[in-house]
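Colleague: structure for the following, please:
(chains A and B)
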Amino acid sequence: MRDVSIIGIGQTPVAEHWGKSLKDLAAEAIQEAIKDAQVERVDALYVGNMCSGTLNGQEHLGALISDWVGLRGVEAVKIEAACGSGAAALRLGYVAVAGELADFVVVAGVEKMTDRPGQQVTAALAMAADADFEAQNGLSFVALNALLMRRYMHEYGVPHGDFAPFTINAHKNAIGNPYALFPHAVTAQDFCVARMVADPVNLLDSSPVCDGAAAVVLCPTSLARSLGARPVRIRASSSSTDTIALHDRRDLLGLEAAALSAAKAYRQAKVTPQDIDLFELHDAFTIVSVLSLEACGFAERGRGVRLGTEGDIAIGGQIPITTMGGLKARGHPVGATGIYQVIEVALQLREQAGANQVRDAHLGMAQNIGGSGATVVTTILEAVE
Amino acid sequence: MEIARHWRLQRHRYGLVGEVCNHCGVKIFPARDVCPECNAPAKTPFTFSGKGEVYSYSTVHHPPEGFEPFAPYVVALVRLAEGPLVAAQLTDVEGETIEIGMPVEMVTRRLRDDGNKGTIVYGYKFRPVVVGRASVEAKDASVRL
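Modeller: Coordinates of the predicted model:
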């Protein structure tokens, strides 16, 4: 088992890229990552993506993209775990390098969502849920998260407005991120009057889906140093699942897969939540931010909201989250998000986060969630001096 | 037009038929043949009463494709009297105040159409239990389809 590092990163802005196809976006991110890594050889390519079949009429992305970026012949495959596809692909890239089966691996996440109208996108995203017992009953993906939010508000007596700090914080941080979809501030007032999507979830509780691609290059840490790059070491990589359907969960608000995945990661890295300097969590909806913080040990059950209201989630706070805008304001091109999160942690650890720099960032955690908590991949990264 | 798929689910959708685990007694919906509690094989059919209460709910304003004609509609997690949670729409709730804990009962309603010439898909929804209204056994209601 080898130690693995990230030695190159590349990302496109998250935007409505009318002029760029899925292939174009993937190529842009991958070529930037390979250039950043300064590698001359790639042994494998893993592509994270959720909706290429339903929204782009295209599967078989491994072969499509490997050829398109000049890696014809290289081992390549698409990996899918709903909105967790990006980090799921990273997990397998990590396994290939750690397991000594490949030296230089490119992991890319890509999603092209703007070629089809809204209802088709909503239907495609609903495939992250149970087809027969959730989607067929008319439950949209937003509705499932709304059910979680309403239950949480009921059990812990939390008013909707208490979730506003998560959105306000994400937007504030997006201003300093040139790749962000929504680099503008949002106020508590904006949050209160935002249109309902599936109550109590309103437009500003919900992350925007869009186009984007992001890529990293992995290699053994021992090789990383000799390449002269600024490696970021993968201290831990773990993945867990839970039931796909909300109604089958043992503990609806416990986000068990996140708790399990985080516990495995902490064990592998030999750290506790107190050691984590920043957390790129999966803020698909404000409720998921709160449940993630609780499941990963940053707050007790029912008290996660206070990390927002008390300012702990800010860049200068106890546990900075969404430091470059998160899913809410950087954007959520679903299959690519997991890679964007890891890149943002890497930028923080490399001290390249500009106005959003978290001071003394040594250990960062990224957590990517598929569906309503059914697949959770956690990655802990460390700066290598 | 996924006739075989909908046909496979008819006992679930029209009869609220799940399973009971003979080993630990847990009631299971939807049927999955293996007990989620004790992992024993669980293939004995069990017909739920259709009675339950609202565990959580939400009104969908932006439906996925195929559900647009019905929007806005209410979806819920319903805690069935026998134990399991089920995800379903609430029906006959126009003008009603929905509350967590309110008693509901299963009825069979139209879920969606598969286009103009496609199958009409029916399934379970839950309506508020109204005091004074004759309570209908879920099983009988579905047979009268």
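Colleague: got a list of what A:Arg306 touches?
Modeller: Contacts for A:Arg306 (CB atoms under 8 Å, 6 or more residues apart in numbering or on different chains) come out as A:Ala299, A:Asp312. For glycine as for every other residue, the C-beta is placed from the backbone atoms N, C-alpha and C.
Colleague: SS state for it?
Modeller: Using DSSP: H, G, I helix; E, B strand; the rest coil, the structure places A:Arg306 in helix.
Colleague: what's the helix or strand for the nearest residue to A:Asp242 once chain neighbours are set aside?
Modeller: Spatial nearest neighbour of A:Asp242, chain neighbours left out: A:Ala257 (3.9 Å); criterion: CB to CB, 6 or more residues apart in numbering or on different chains. Taking DSSP states H and E as the criterion, the element that holds A:Ala257 is helix A:256-269.
Colleague: which elements pack onto that helix?
Modeller: With contacts taken as 3 or more CB pairs under 8 Å, 6 or more residues apart in numbering or on different chains; DSSP states H and E, helix A:256-269 sits against strand A:232-241, helix A:286-295, strand A:363-370, strand A:375-383.
Colleague: ok, 7 Å please
Modeller: Applying 3 or more CB pairs under 7 Å, 6 or more residues apart in numbering or on different chains; DSSP states H and E, we find helix A:256-269 packed against strand A:232-241, helix A:286-295, strand A:375-383.
Colleague: in it, what's buried?
Modeller: For helix A:256-269, a neighbour-count test (16 or more other CB atoms under 10 Å in any protein chain shown) marks A:Glu256, A:Ala257, A:Ala258, A:Ala259, A:Leu260, A:Ser261, A:Ala262, A:Ala263, A:Lys264, A:Ala265, A:Tyr266, A:Ala269 as buried.
Colleague: what sits up against that helix?
Modeller: A:235-236, A:238-242, A:250, A:272, A:292, A:295-297, A:367, A:369, A:373-378, A:380 (CB atoms under 7 Å, 6 or more residues apart in numbering or on different chains).
Colleague: measure how it sits relative to helix A:286-295, angle-wise.
Modeller: 40 degrees (axes from the mean of the first three to the mean of the last three CA atoms, to 10 degrees).
Colleague: tally up the residues packed near the nearest residue to A:Glu32 once chain neighbours are set aside, please.
Modeller: Leaving out its chain neighbours, the residue that sits closest to A:Glu32 by CB to CB, 6+ apart is A:Gly10, at 2.8 Å. Here the number of neighbours of A:Gly10 (other CB atoms under 10 Å in any protein chain shown) works out to 23.
Colleague: what distance separates the helix or strand hosting A:Gly10 from the centre of its chain?
Modeller: Counting by DSSP H and E, the element that carries A:Gly10 is strand A:4-11. Its chain's C-alpha centre and that of strand A:4-11 lie 15 Å apart, by CA atoms, centre = their mean, to the nearest Å.
Colleague: which strands and helices sit next to it?
Modeller: Contacts defined by 3+ CB pairs under 7 Å, 6+ apart place strand A:4-11 against helix A:22-37, helix A:85-98, strand A:212-220, helix A:221-226, strand A:232-241, helix A:337-349.
Colleague: could I get those as TSV with mean pLDDT?
Modeller: Putting these into TSV (pLDDT from 0 to 100) gives the following:
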stretch	mean pLDDT
helix A:22-37	97
helix A:85-98	98
strand A:212-220	98
helix A:221-226	88
strand A:232-241	98
helix A:337-349	98
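Colleague: tell me which of the ones you listed sits nearest to A:Met196.
Modeller: helix A:337-349 (24.3 Å; CB to CB).
Colleague: what angle separates that closest one from strand A:212-220?
Modeller: 60 degrees.
Colleague: if we can go back for a sec, which one of the helices and strands packed on helix A:256-269 lies closest to chain B?
Modeller: helix A:286-295 (11.4 Å; CB to the nearest CB).
Colleague: list the buried residues in stretch A:330-347.
Modeller: A:330-347.
Colleague: what about the stretch 1-150 of chain A, any weak spots by pLDDT?
Modeller: Counting by pLDDT under 70, not a single residue of the stretch 1-150 of chain A qualifies.
Colleague: for the closest residue to chain B within it, which non-adjacent residue is spatially closest?
Modeller: Minimum separation of the stretch 1-150 of chain A from chain B (CB to the nearest CB) falls at A:Ala146, amounting to 3.6 Å. Spatial nearest neighbour of A:Ala146, excluding adjacent residues (CB to CB, 6+ apart): B:Ser58 at 3.6 Å.
Colleague: could you look up the SS state of that neighbour?
Modeller: Looking at B:Ser58 with three-state DSSP, the answer is strand.
Colleague: what about it, neighbour count?
Modeller: B:Ser58: 29 neighbours (other CB under 10 Å).
Colleague: mind putting the helices and strands packed on strand A:4-11 in CSV, distance to B:Asp92 included?
Modeller: Converted to CSV, those look like this (distance: least, CB to CB, whole Å):
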stretch, distance to B:Asp92
helix A:22-37, 44
helix A:85-98, 40
strand A:212-220, 43
helix A:221-226, 62
strand A:232-241, 37
helix A:337-349, 39
